[in-house]
Each structure stands twice: as C-alpha cells, then as structure tokens.
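Novice: I would like the atomic coordinates for the input below:
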Amino acid sequence: MQLLSKTNSGLNWLYGSALVFAIAACVGIANEFYWVMLFPAALLVIVTGFYRLDLLMFFAVCVTPISINLAKTGLGIGVSLPSEPIIFGLMLLFVSKVLYDGGIDKKLLYHPVSLAILFHIVWMMVTTITSSMPLVSFKATLAKFCFIVVYFYLATQVFKNIKKIKVFTWCYIVPLVIVIIYTTIVHASYGFTEAAAHHAMIPFYNDHTAYAAVIAMFIPLAFGYIGDPEGSPRSKIWAVLVLIVLLTAVVLSYTRATWISLVAALLCYLVFALRIKTAIIISGIVAVIILFFAFQTRIIMELEQNDEQSSSDYASHVQSMSNITTDPSNVERINRWHSAFRMFDERPWFGWGPGTYMFQYAPFQKTSEKTRISTNFGEGGNAHSEYIGPLSEQGIFGPLTFILIGALVIYRASRMIIYSKDKHLRMLSKGLILGLITYWVHGMLNNFLDTEKASVPFWGFIACLVALEIYHYKKPTLSENKTGV
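Specialist: Now for the predicted structure:
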C-alpha cells in the first residue's frame, strides 16, 4: 500500500506538471511568446544536472560549436545560445556540489597548474575591483570564472575515467564538422573567395580567425587518433576522414595566423620526436630573442618593403603575413597593439579592467597609425592578442599569469610524453599539448578566450592533461628519470 501511495503521488506530480505546462504553453502561444515551449527541455537539462553532471557537461560541449551568438542577430544580445546558459547552470550546480561535499580533491586543488589558474582568476577579480568600468569587468570575469570552473575543475573530475577524454573531444569534433560542412557550402556559393571566407561561418563563429583557431586545436589530436595503439580500425578511418575535413577547412579559412600556429605545433612535435634536451630548447629561444633585438631595425626595414596583400592567391596570401606597411589587417593589428601599450603605460599595475579594452582604446590611437578599417570611437573590437590585451586590461600580471599557466602545462605534459610507458597516454598527451600550442601561438595575433567556442576546448584540453597526470600517469623511478631530457 505504501508503494502504491508513492506511485500515485509521483503520477499526481507528473499530471500536475503536464497540466501547468499545457496552460503555460497555451498562454504563451496566444501572446506570441513561443520560448515557453522550451520549458520541458530546460527542465530535462536541470534534472540531468542534479544527477549526472558529466552528461550535462558533454551536452554543453556538443552544442557549443553550433550555438548562435545573438549579438550577430537582429536581437543584438551578447549571449550565445544554448551553450552559455547551460555552462552558467553547470557552474552553479558544481559549486553547490563542492560546497555540499566539503571541497575539491586535494590532488587537483594543490596541483601547480591549478594553483596558477587560481592566481589567474583571482588577479582578474582584483583588477575588476579597480576597473575603470566595473560592470563590464564583472561580466568578463564571471564568464571566465564559469569556463574555468566547468571545463577545468569539473572536467578533471569527469576525466578520472580516461575513456571520457575521447568522449569530450569527439563531442566537440562531430558538431564542428557539421559547422565546417555548412561553412564550406556557403563559401562555395561565393566561389571560395578570400572575402567570403571572412563571414561564411557566421552565425556559428564570429569570423574566420576564431573558426580556424578552434579547428587547428583538434588537428594534432586527429593525427594522434589515427596512430592510437588502442584505436580500432573503424575509429582510425573516422579519424582520417575528420583530419581531411579539418585540414581542408583551415586551407579554405584563409587564416594566416592558424597556418603559423600549425607550423609551430609541427616544430614542437619534432622536439618531442627527437627528444631534444630542455636546455637546448631554452638556449635556442633565448638566442632568437637576442638576435631579434640586435637586428630589429634591419628586420623592420625588410618587413616594410613587403607590399603583398592578403588575397585568394595562396602564395601572395602567405607572403602578406609579413607585410606591416600596406596590408590593412596587419597594420590595424599593430595599431591596436600600440594603443594597448599606451594604455599599459598609463595603468601598468592594475590596468583598465577585464573586458574594457574595446571601450577604452580609442583615445590612445595615433592618426599616423590608423588604417581604413580603424574607427574614431574604437568600437572595432579587442586587442588581437591573448598577451597584449590583458597587459592593458589587467596590468603586468595579466599576461604573466596566463604565460605561467602555459609554461607549467607544457613542462608537466612533456614529462608524461617523455617518461610514460603507456603508449595511449603518450598519444593523448602529445595530441592535447600540441593542440594547445597551436592556440598559444595563435594567441599572439588574436584572442578568443572571452568566448565559449575557444574556451571549452582550451580549458578542457588543460583539464585532460592535468587529469592524465594526477589519475593515470605512473611516475618514473629515480633511475628512469635520469635518462630523460
């Protein structure tokens, strides 16, 4: 009788909820408020979040590439649907769970990468308090906090099961391929011109640079899955097909920064393959920096003589990468950088506040540095750099905290690649770190971590590497360690 009573109670709740929804739907349709029809889906998402955060996280990953930023529509609202509301909800659920359970796994909390990320987000909070536009900075910091909480701290716990790392990557790759197919069809309708490549991926990605940057992150992983010792023949065939699609999309994107980032990833792969010692790598980097500053005047003079413009001709397009005199894209980027440095000179310690560059840089432009695509009001966008932008917005510690995260991730991932005897773990580590390297290099010329499109794979890849080290990597013995780099 008690069981029957519980069953009847559950049915009553079901019938009651259905009745309430039916009434709400009728009222909504009568008043042309059709969004009420999404209520059942929203309720399903909420219920799933309470019981299976990992499934909700994977769902958010799946919808991220196909989400639409309403700022690019007639509504003009700066939110990406449906991904960003789901990510915000995930953040609230995970934080609530952590508070209820009494904290985060100490292995994760005190991991060097985790501590660097905490330093990064705490410094953003500090510069939000000192911001010239506190509300703008609060929104930017909250968005970054959501991305980090969900796709680093929650994701590392999900990746305790190593199989879920592949699930995560494929959850992004499959819808990304759908977007690539859509973009290619639109691009083809314009004859695959360079101008059309800039907007063919809208409304899914803001422009071709963000689109190509994300695609490049998954190319090293696709190579890794092809050679995965634990992969089935069918999965390797799918990986080959995906790799062809990704490479084709990068070529058709006409994004020069992405080509540079892939070359950098290839060079890093050779470093791993040839097991070049760390001391030699650092010496080489220092030598290049010294040579640049020693011959910077000559280098700049040579670059100024290049008058190639970006175009549909691939040879000219590649040569235009070093045109800093007449190519509008390159010259405007330098204009933004100079403006950011002037902003930094005025506020070197705390900057102008996260997310404020686009609202503050206009007065810092010089007439002699403006291009035909510059604007007097400075509404043209961000600083086009993951390093120079934070320098103006968060002061000297802005880019330093970001660089510290990268340095620690590369160092600790390299140890796993060199010392681990697990071939599958080495493959995953190599693909993930090379994918991140494409973004860190691309980040010198563009910045997209204020969007969920790039933040999901970026922080997710870092979470994968940290989870691999904490939960799956067997540290070498002292004798084995001596034989490394």
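Novice: Would you list the phi and psi of I276?
Specialist: Main-chain torsions, I276, degrees, to the nearest 10: phi -70, psi 140.
Novice: Model confidence for it, exactly?
Specialist: On pLDDT, I276 comes in at 78.
Novice: repeat for the one 4 residues further on
Specialist: Residue-level confidence at I280 comes out at 78, pLDDT.
Novice: doesn't it fall inside a strand?
Specialist: No: counting by DSSP: H, G, I helix; E, B strand; the rest coil, I280 is not part of a strand but helix.
Novice: quick thing: my sequence starts at 77, can you match it?
Specialist: In the new count, where the first residue is 77, that last one comes out as I356.
Novice: and it, how far is that from V532?
Specialist: 35 Å (CB to CB, to the nearest Å). Bear in mind the C-beta positions are built from the backbone N, C-alpha and C, glycine included.
Novice: When those two are compared, which one has more neighbours?
Specialist: More crowded of I356 and V532, by other CB atoms under 10 Å: V532, with 25 against 11.
Novice: Tell me how far that one lies from R502.
Specialist: With CB to CB as the criterion, V532 and R502 are 24 Å apart.
Novice: How about A271?
Specialist: Computed as CB to CB, the A271 to R502 distance reads 43 Å.
Novice: Who has more neighbours out of the two?
Specialist: Taking other CB under 10 Å, A271 and R502 do not tie; R502 has more neighbours (20 against 13).
Novice: for the strand or helix carrying the more buried one, which positions count as buried?
Specialist: Taking DSSP states H and E as the criterion, R502 maps to helix 499-518. By 16 or more other CB atoms under 10 Å, the buried positions in helix 499-518 come out as 500-518.
Novice: Please state the offset of that helix from the chain centre?
Specialist: Centre-to-centre, helix 499-518 and its host chain are 14 Å apart (CA atoms, centre = their mean, to the nearest Å).
Novice: following it, which helix or strand comes up?
Specialist: Assigned by DSSP H and E, the successor of helix 499-518 is helix 528-543.
Novice: now that following helix, how far from the centre of its chain.
Specialist: Centroid separation between helix 528-543 and its chain, computed with CA atoms, centre = their mean, is 7 Å.
Novice: what angle separates it from helix 499-518?
Specialist: Helix 528-543 and helix 499-518 are oriented at 140 degrees to each other (axes from the mean of the first three to the mean of the last three CA atoms, to 10 degrees).
Novice: Take helix 528-543, keep the C-alpha atoms, and write them as PDB.
Specialist: Provided in PDB are the C-alpha atoms of helix 528-543 (Å, rounded to 0.1, in the frame of the first residue of the first chain):
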ATOM      1  CA  GLU A 528      32.900  29.700 -25.200                       C
ATOM      2  CA  LYS A 529      33.800  28.500 -28.700                       C
ATOM      3  CA  ALA A 530      37.500  28.600 -27.800                       C
ATOM      4  CA  SER A 531      37.400  28.400 -24.000                       C
ATOM      5  CA  VAL A 532      35.700  25.000 -24.000                       C
ATOM      6  CA  PRO A 533      38.500  23.200 -25.900                       C
ATOM      7  CA  PHE A 534      41.200  25.300 -24.400                       C
ATOM      8  CA  TRP A 535      40.400  24.800 -20.700                       C
ATOM      9  CA  GLY A 536      39.100  21.300 -21.500                       C
ATOM     10  CA  PHE A 537      42.500  20.300 -23.000                       C
ATOM     11  CA  ILE A 538      44.300  21.600 -19.900                       C
ATOM     12  CA  ALA A 539      41.900  19.600 -17.700                       C
ATOM     13  CA  CYS A 540      42.600  16.500 -19.800                       C
ATOM     14  CA  LEU A 541      46.400  16.800 -19.300                       C
ATOM     15  CA  VAL A 542      46.100  17.500 -15.500                       C
ATOM     16  CA  ALA A 543      43.700  14.600 -15.100                       C
END
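Novice: if you average pLDDT over it, what comes out?
Specialist: Mean predicted confidence for helix 528-543 is 96.
Novice: Hmm, D130 and K240 touching each other?
Specialist: Yes: using CB atoms under 8 Å, K240 makes contact with D130 at a distance of 6.9 Å.
Novice: joint contacts of the two?
Specialist: V234 (CB atoms under 8 Å, 6 or more residues apart in numbering).
Novice: so where is the stretch 127-276 of the chain shaky, pLDDT-wise?
Specialist: 147-154 (pLDDT under 70).
Novice: repeat that for 90
Specialist: 127-132, 135, 143-162, 164-165, 168-169, 172-182, 267-275 (pLDDT under 90).
Novice: I'd like the distance between Y487 and D283.
Specialist: Taking CB to CB as the measure, Y487 falls 33 Å from D283.
Novice: More neighbours: which of those two?
Specialist: The neighbour count for Y487 versus D283, taken as other CB under 10 Å, is higher for D283 (19 against 12).
Novice: quick one, what contacts the closest residue to the more buried one other than its chain neighbours?
Specialist: Once flanking residues are discounted, D283 sits nearest to H274: 5.9 Å by CB to CB, 6 or more residues apart in numbering. Neighbouring residues of H274 by CB under 8 Å, 6+ apart: 283-284, 330.
Novice: now do T203
Specialist: 213, 426-427, 429-430, 469-471, 474.
Novice: Which other helices and strands does the helix or strand harbouring G465 contact?
Specialist: Element membership for G465 (DSSP H and E) is helix 464-470. Helix 464-470 makes packing contacts with helix 188-205, helix 404-422, helix 433-436, helix 473-495 when contacts are defined by 3 or more CB pairs under 8 Å, 6 or more residues apart in numbering; DSSP states H and E.
Novice: Least reliable of these by average pLDDT, please.
Specialist: Across those, the lowest-scoring stretch is helix 404-422, with a mean of 85.
Novice: Export that helix to CSV, keeping only CA atoms.
Specialist: The C-alpha trace of helix 404-422 is given here as CSV (Å, rounded to 0.1, in the frame of the first residue of the first chain):
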residue,chain,number,x,y,z
PRO,A,404,45.1,46.6,-43.7
SER,A,405,44.7,43.6,-41.3
ASN,A,406,48.4,43.6,-40.2
VAL,A,407,48.6,47.4,-39.9
GLU,A,408,45.4,47.6,-37.9
ARG,A,409,46.6,44.9,-35.6
ILE,A,410,49.8,46.9,-34.9
ASN,A,411,47.6,50.0,-34.3
ARG,A,412,45.6,48.0,-31.6
TRP,A,413,48.9,46.8,-30.0
HIS,A,414,50.4,50.2,-29.8
SER,A,415,47.1,51.5,-28.3
ALA,A,416,47.3,48.7,-25.7
PHE,A,417,50.9,49.5,-24.8
ARG,A,418,49.9,53.2,-24.3
MET,A,419,47.1,52.1,-22.0
PHE,A,420,49.6,49.9,-20.1
ASP,A,421,51.9,52.9,-19.7
GLU,A,422,49.1,54.8,-18.0
